[in-house]
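S.K.: Predicted model and sequence below, questions to follow.
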Amino acid sequence: MLLFLFYLEIPATLCKVCTIFKRGVCLHGEGNCTAEEGPGCRTSDMFFFNVKDGWLYNHTQLDCYDKCRAWNLLRGHFKVSSFCCKGRDFCNTYRGRSLHWKNR
Ligand SMILES: *[C@@H]1O[C@H](CO)[C@@H](O)[C@H](O)[C@H]1NC(C)=O
Ligand SMILES: *[C@@H]1O[C@H](CO)[C@@H](O)[C@H](O)[C@H]1NC(C)=O
């Protein structure tokens, strides 16, 4: 009973893991993970710079990270844009560029 109450008070969120996620579909490295504390379901959009077209979205990566926060990482011709969520199972599949991806 005590254990049951403990679980009610600290609900873990189930998140999706995927190495290559595009248009809401996981193409490679599918799995699950749980975020125990904080907004730990992570969505990371990957962009590459191209002289002709500028920043091009390539794919999205999904995973869990306990210290997850919204941020942008810029390194040379490579950019990662991350979002975090919790409280809804697989919430990290409803975010990011993957859902709005257009073939080009
Ligand atoms: C992930 O969790 C869902 C829902 O619980 C389950 O249906 C699915 O089989 C799990 N996938 C993996 C790879 O464990
Ligand atoms: C870009 O996305 C494709 C899938 O469409 C993937 O196979 C490839 O590894 C990605 N490129 C990089 C450098 O991550």
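M.R.: Received the coordinates, thanks. Everything numeric in this text was worked out from a predicted model, so none of it was measured. Residues are numbered from 1 along each chain as shown. Ligands and ions are numbered 1, 2, ... in the order given.

S.K.: now the helices: where do they sit in the protein?
M.R.: 2-9 (DSSP state H).

S.K.: Give me the neighbour count for residue 11.
M.R.: 12 (other Cβ atoms under 10 Å). For the C-beta atoms, the positions are set from N, CA and C on the backbone; glycine is no exception.

S.K.: Now do the same contact list for the most centrally placed residue in the chain.
M.R.: The residue lying closest to the centre of the chain (Cα atoms, centre = their mean) is residue 43, at 1.5 Å. Going by Cβ atoms under 8 Å, 6 or more residues apart in numbering, residue 43 touches 60, 61, 62, 82, 83, 84, 85, 92, 93, 95, 96, 98.

S.K.: would you turn those residues into TSV with distance to ligand 1 and pLDDT?
M.R.: Converted to TSV, the contacts of residue 43 look like this (distance: Cβ to the nearest ligand atom, whole Å; pLDDT from 0 to 100):
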residue	distance to ligand 1	pLDDT
60	18	96
61	16	96
62	12	97
82	22	95
83	20	92
84	19	94
85	17	93
92	13	94
93	11	92
95	18	75
96	19	73
98	18	74
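
S.K.: Out of these, which are close to ligand 2?
M.R.: Taking Cβ under 6 Å from any ligand atom, there is no overlap between those and the neighbourhood of ligand 2.

S.K.: As a markdown table, these with neighbour count and distance to residue 32 would be great.
M.R.: Listed next are these as a markdown table, based on neighbours: other Cβ atoms under 10 Å; distance: Cβ to Cβ, whole Å:
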| residue | neighbour count | distance to residue 32 |
| --- | --- | --- |
| 60 | 27 | 16 |
| 61 | 21 | 15 |
| 62 | 26 | 10 |
| 82 | 18 | 19 |
| 83 | 21 | 18 |
| 84 | 23 | 17 |
| 85 | 21 | 15 |
| 92 | 32 | 11 |
| 93 | 21 | 11 |
| 95 | 18 | 17 |
| 96 | 24 | 18 |
| 98 | 23 | 17 |
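
S.K.: Among those, name the ones in strands.
M.R.: The strands, defined by DSSP state E, take in 60, 61, 62, 82, 83, 84, 85 from the contacts of residue 43.

S.K.: Much appreciated, bye for now.
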